[in-house]
Every structure is written in C-alpha cells, then in structure tokens.
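> Using only what follows, build the 3D model:
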Amino acid sequence: MSTLVKNIVRKKNNAAIQGYRRGETLLVSFGISLFLLSGCAVGPDFVRPEAPKGTRYTHDGDPKEIATVDGLPQHFENGAGPAANWWHSFNSTQLNAAVSAGLADNPGLQAAEASLRQSQENLRAGSGIFYPQISASFAEVRERNSPSTIGSSLPASIFNLTTLSSSVSYALDIFGGQRRAVEGLAAQVDRQRALTLGTYMMLTGNIVNTTIAIAAYHAQLDESLQMIALEKDQISIAEKQYQAGITTYGALLALRLQLKALEATLPPLSQKLSKAEHLLATLEGKTPAEFQPPALLLKDISLPRQLPLSLPSELVRQRPDILAAEAQLHAASAGIGVATAALFPSITLNASYGQASQTTGNLLNSTSNLWSLGGNVTAPLFKGGTLRAQRRAAIDAYQQSFASYKQTVLAAFAEVASILRALEHDAELLQTEAAAVNDARIAMNLLKANYQAGTANYLQVMVTDIQYSRAKISYLQAEAQQLQDTTALFVAMGGKWTNGSLSLK
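Have a look, this model is predicted:
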C-alpha cells in the first residue's frame with residue numbers, strides 16, 4: 001500500500017474516532033440534561049401560608065384567669081396546647097369511661113380511620129410510577145397460518161408456538177408531572193389525617209358535652225320533683241284554709257295553675273334527657289336498646305382549673321380544620337404542576353426480551369431469542385386549547401382553596417374569641433346565680449326560724465322553699481353551661497391523637 005493511501009486511511013480513521021467522541025459527548029450531555037431536568041418539576045413549589053403574628057384573639061386582650069364561685073379560678077396557660085386526654089381534667093371516672101367507649105366503637109371514627117388508610121395506600125400506589133414497570137408472560141398456542149395474506153402461494157401450515165417473554169418500561173418524569181401528582185396524593189393523606197383528628201376531637205367533645213347534659217338534666221329533674229312536692233303540700237294547706245274561710249278560691253286556683261305550669265316543665269325536660277341518652281348511645285356505637293345510661297351526678301364533674309390557650313401562630317399548626325384546609329391548598333398547588341406538565345412532551349423507555357419457538361425443546365436456544373429496545377415520545381401539538389384551559393382551571397382551584405383556607409382561619413379565631421368571652425360571662429352568671437341561691441337559702445332559713453317561733457305560717461315557709469329550688473335549678477343550668485363552654489375551648493384548641501395504632505403527627 002502506498003504512503004498516500006495509508007495517509008488517507010489514517011485520516012478517515014481519525015475522523016471516525018472524532019465523530020464517535022462527539023457523539024459520545026452529545027450523548028453524555030443529553031443524559032446530564034435529562035438528569036438536571038428530572039431534578040425539578042414545573043409548577044409552583046408549595047409554601048405553607050405564613051402563620052399570624054398576633055398574640056391574642058380578642059381586641060381588648062385575652063383573659064389571664066377567670067374567678068369562680070368556689071374561689072379557685074380558671075387559669076389560662078398561654079402558649080400551651082391541650083393534652084391528648086384532655087377530658088381527664090374533669091376528674092370523672094364515668095366520663096372517662098364514656099369517652100373510652102366512644103373511641104373504641106364509634107362508627108364515624110372508624111370510617112375516618114379507614115379513609116386515612118385508604119389515602120395512604122393510594123399514595124403508595126401512586127409512588128410506584130417512580131420505579132420500572134416489569135412484567136412477564138408465557139403463551140402456548142396452536143396456529144394455522146395463511147401464506148396468501150403475504151402474497152405467497154405456498155400451502156397453509158399448522159404449527160405450535162411457545163413464547164416466554166418479559167418487558168420493562170420506565171417513564172422519564174422530565175417535567176415532574178408524575179412527581180406533582182404524587183405530591184398531590186401526599187397532600188390528600190395530610191388532609192385525611194387532619195380530618196381524622198377533627199373527627200377524634202369532635203367525638204370526644206360531643207361525648208363530654210352530652211355526658212354533662214345528662215347529669216344536668218337529672219339534677220334539674222330532681223329539683224323540679226321536689227318543687228312539685230312542695231307545691232302539692234302548699235295546695236293541700238290552701239284547700240283547708242279555703243274550707244275554713246281563711247283564703248279565697250281565687251288564691252287556691254292560682255296555686256293550682258302554678259303547679260300545672262311546673263308539672264308541664266317535666267315532659268320537655270324528660271324528653272331532653274332521653275334525647276341526650278340516645279345521642280350518647282350513638283356516640284358510643286350502640287343502639288338505645290342496648291345502652292345503659294351513666295348514673296352520673298353533676299357534682300361529680302369537676303371544673304378544669306388549667307385551660308390551654310395556644311398562640312394564634314400555634315393554633316394554625318394544630319387545629320384540624322385549618323390543617324385540612326392547608327392540605328387542600330397543597331393539593332391544589334400540586335394540581336397546577338400536573339396541568340403544566342401536561343403541556344410538555346412525555347418520554348417512556350421500553351425494553352423486552354423473550355424466547356419464541358415452535359417446539360418447547362428449542363425454546364431456550366439462542367436462535368429463539370427475541371428482543372426490542374426503544375423509546376416513545378408523545379408531545380401535544382393541538383388540543384383545541386384544552387390543556388391551557390385545564391391549567392387556568394387549576395390556578396383558579398388554587399385561588400379558591402387559598403380563600404377557603406383564610407376563611408377557615410378567620411372562623412377558627414372568631415370561635416376561640418367567642419369561647420373566651422363565653423367563659424367570662426359564664427363565670428359572671430354563675431356568681432349571680434350563686435348569690436341568688438344563697439339569698440334564697442337565707443330567706444328560707446329565716447322563715448323556718450319564724451315559723452318555729454310562731455310568727456310565720458307554714459305556707460310562707462313552703463313558698464321560700466320553692467323559691468330556693470327555682471334558684472338552684474337556674475344555678476345548675478349555669479354550671480352545666482360553664483362546663484360545656486370549657487369543653488368547647490379544649491376542642492377549639494385542636495389536640496393530639498392517642499387512640500389506636502395510627503400515627504397522626
């Protein structure tokens with residue numbers, strides 16, 4: 001070979017090598033680009049709404065403590081959240097038992113737990129998109145072909161075909177559409193976790209409130225029955241005085257009307273008691289027929305002295321309805337990313353390998369091998385404006401969720417402020433009712449002393465007894481209201497989950 005020919009061959013080889021290296025460089029650059037793109041996702045990255053910077057719920061300042069009739073005030077622990085088993089603060093064994101029964105058997109709570117588990121499994125299922133999808137197949141068929149379909153005049157043949165193959169596909173999530181979709185599923189898990197916590201808090205609050213109501217209705221019924229007995233004694237004396245000509249028939253009729261009015265209060269009160277007992281049965285997951293109402297006295301329920309009062313910035317991070325609204329906002333944010341990624345191409349890598357043979361014995365021979373390797377790129381070219389409209393709709397959904405979140409926060413703060421004021425007014429009312437009970441007791445004792453001294457008659461004594469009983473009923477109603485408003489504060493502060501094996505942190 002001449003020197004000129006050798007030089008030409010050498011130049012061609014160098015050019016081929018340089019071309020190969022350029023191709024290799026382009027391939028590496030393309031791979032790096034895919035890697036960098038796969039590290040990001042289109043659409044906005046979710047940022048939690050900023051917590052409020054205020055330190056109070058009411059415009060004129062939150063109370064530090066509330067005076068009570070027994071001299072032991074209710075103290076607000078600023079910056080503290082409610083304990084997990086907050087109902088233990090009422091120091092009632094029967095109330096604790098009622099709450100435990102409800103947490104164990106309430107169908108609503110069980111449904112919320114199942115929904116949470118469902119959302120968690122949906123997240124696990126959605127996360128599978130990040131892994132290669134591998135499948136295998138085996139087929140054994142007997143076929144008859146027709147060569148005429150390919151323009152051949154050969155006679156038809158019958159043969160067996162055995163196929164063993166596997167395939168692998170992997171979606172390159174370059175623009176992050178799948179990651180945003182999984183992010184949305186994770187947000188739905190957070191939302192369902194918050195809803196389950198909310199169900200837990202509402203269930204415990206309803207059980208405590210209903211138990212307090214049952215005890216209060218029993219106490220009011222007892223006092224009403226005592227008043228009715230006194231009224232009947234008073235009427236009996238009035239009838240004798242009327243027969244003796246000491247009093248008028250009109251006065252007797254007035255007493256009878258008063259008795260009938262008092263007796264008319266019993267059926268509605270009994271109905272309220274029955275309704276509360278049936279509600280408690282439902283909350284505990286039982287029918288009224290199989291439920292045994294608790295024999296609980298109102299005096300056996302203690303008023304909690306230490307009350308939690310989380311800062312507004314903490315309330316938005318622990319109250320279930322706010323957390324649920326925030327999770328919905330997060331899901332809407334991820335929805336924008338999903339809709340944005342749909343505007344870009346999608347790339348899927350596919351590979352398959354298998355064996356195909358007319359006889360099983362030759363299935364594993366190298367001549368029976370079959371394989372394929374390739375990729376698929378799908379790009380939206382014209383959709384009639386559908387994809388862009390869907391993206392705009394996703395943005396509108398985010399704005400709607402953000403407005404709903406702000407409304408939820410405002411409603412929560414207003415509720416806490418109202419409860420704080422209600423507790424102050426409850427304490428004021430209870431002090432007034434306690435003073436009324438005390439005055440009625442003093443008046444009753446004075447008349448009894450006068451009766452023993454012969455300066456007052458028995459009819460006057462019974463009148464003061466009735467007034468005393470009426471004052472006690474009003475006091476019982478105010479006491480129950482104070483207990484229930486205290487319960488409302490615990491619920492309004494949010495809480496922690498302690499029941500079952502689910503982690504709701």
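
> a strand runs through residue 134, doesn't it?
Yes: counting by DSSP: H, G, I helix; E, B strand; the rest coil, residue 134 is part of a strand.

> Let me know the helix or strand that residue 140 is in.
Using DSSP states H and E, residue 140 falls within strand 133-145.

> burial count for residue 203?
Other residues within reach of residue 203, judged by other CB atoms under 10 Å, total 21. Placement of C-beta: from N, CA and C, glycine included.

> what does residue 104 give?
Neighbourhood size, residue 104 [other CB under 10 Å]: 13.

> Dump the C-alpha coordinates for the strand holding residue 140 into CSV.
C-alpha atoms of strand 133-145 as CSV (Å, rounded to 0.1, in the frame of the first residue of the first chain):
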residue,chain,number,x,y,z
GLN,A,133,-42.7,-1.4,35.4
ILE,A,134,-41.7,-5.0,34.9
SER,A,135,-43.9,-7.8,33.6
ALA,A,136,-43.5,-11.4,32.3
SER,A,137,-45.7,-13.5,30.1
PHE,A,138,-45.9,-17.1,28.9
ALA,A,139,-48.1,-18.2,26.0
GLU,A,140,-48.6,-21.7,24.4
VAL,A,141,-50.8,-21.5,21.2
ARG,A,142,-51.5,-23.7,18.2
GLU,A,143,-51.9,-21.7,15.0
ARG,A,144,-52.8,-22.2,11.3
ASN,A,145,-51.4,-19.5,9.0
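
> Could you give me the buried positions within that strand?
Within strand 133-145, no residue is scored as buried using 16 or more other CB atoms under 10 Å.

> next one: that strand to chain centre, how far?
Strand 133-145 sits 49 Å away from the centroid of its parent chain (CA atoms, centre = their mean, to the nearest Å).

> Check which helices and strands the following helix or strand past it is in contact with.
Next along the chain after strand 133-145, taking DSSP H and E as the criterion, comes strand 157-172. Under the contact criterion of 3 or more CB pairs under 8 Å, 6 or more residues apart in numbering; DSSP states H and E, strand 157-172 touches strand 133-145, strand 346-357.

> So what are the sheet partners of the first one and their directions?
What that stands for is strand 133-145. strand 157-172 (antiparallel) (DSSP bridges).

> Flag every buried residue along the partner strand.
162, 163, 164, 165, 170, 171, 172.

> what angle separates it from strand 346-357?
Angle, strand 157-172 to strand 346-357, by axes from the mean of the first three to the mean of the last three CA atoms, to 10 degrees: 150 degrees.

> Tell me where the stretch 51-200 of the chain has strands.
Assigned by DSSP state E, counting those that start in this stretch, the strands in the stretch 51-200 of the chain fall at 65-66, 74-78, 133-145, 157-172.

> Which of the buried residues of strand 157-172 sits closest to residue 152?
The closest of the buried residues of strand 157-172 to residue 152 turns out to be residue 163 (CB to CB; 23.2 Å).

> Let me know the distance separating the closest one from residue 374.
In this view, residue 163 and residue 374 are 19 Å apart by CB to CB, to the nearest Å.

> And for residue 267?
To residue 374, residue 267 is 82 Å away according to CB to CB.

> Just the closest of the buried residues of strand 157-172 to residue 195, please.
Looking across the buried residues of strand 157-172 and measuring by CB to CB, the closest to residue 195 is residue 171, at 31.5 Å.

> Beta-bridge partners for the closest one, please?
Using DSSP bridges, the bridge partners assigned to residue 171 are residue 348.

> Let's see the pLDDT reported for it.
Residue 171 is assigned 89 on the pLDDT scale.

> which ones are touching it?
129, 178, 346, 347, 348, 349 (CB atoms under 8 Å, 6 or more residues apart in numbering).

> and the residues you listed, which are buried?
178, 346, 347.

> tell me which of those is nearest to residue 427?
For the buried ones among the contacts of residue 171, the residue nearest residue 427 by CB to CB is residue 178; the value is 57.1 Å.

> Now do the same for the closest one: its pLDDT.
pLDDT for residue 178: 93.

> now it: how far from residue 446?
Separation of residue 178 from residue 446 (CB to CB): 84 Å.

> on that earlier part again, same list, the strands of the stretch 51-200 of the chain, but as a markdown table with distance to residue 196 please.
Shown next, in a markdown table, are the strands of the stretch 51-200 of the chain (distance: least, CB to CB, whole Å):
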| stretch | distance to residue 196 |
| --- | --- |
| strand 65-66 | 32 |
| strand 74-78 | 26 |
| strand 133-145 | 32 |
| strand 157-172 | 32 |
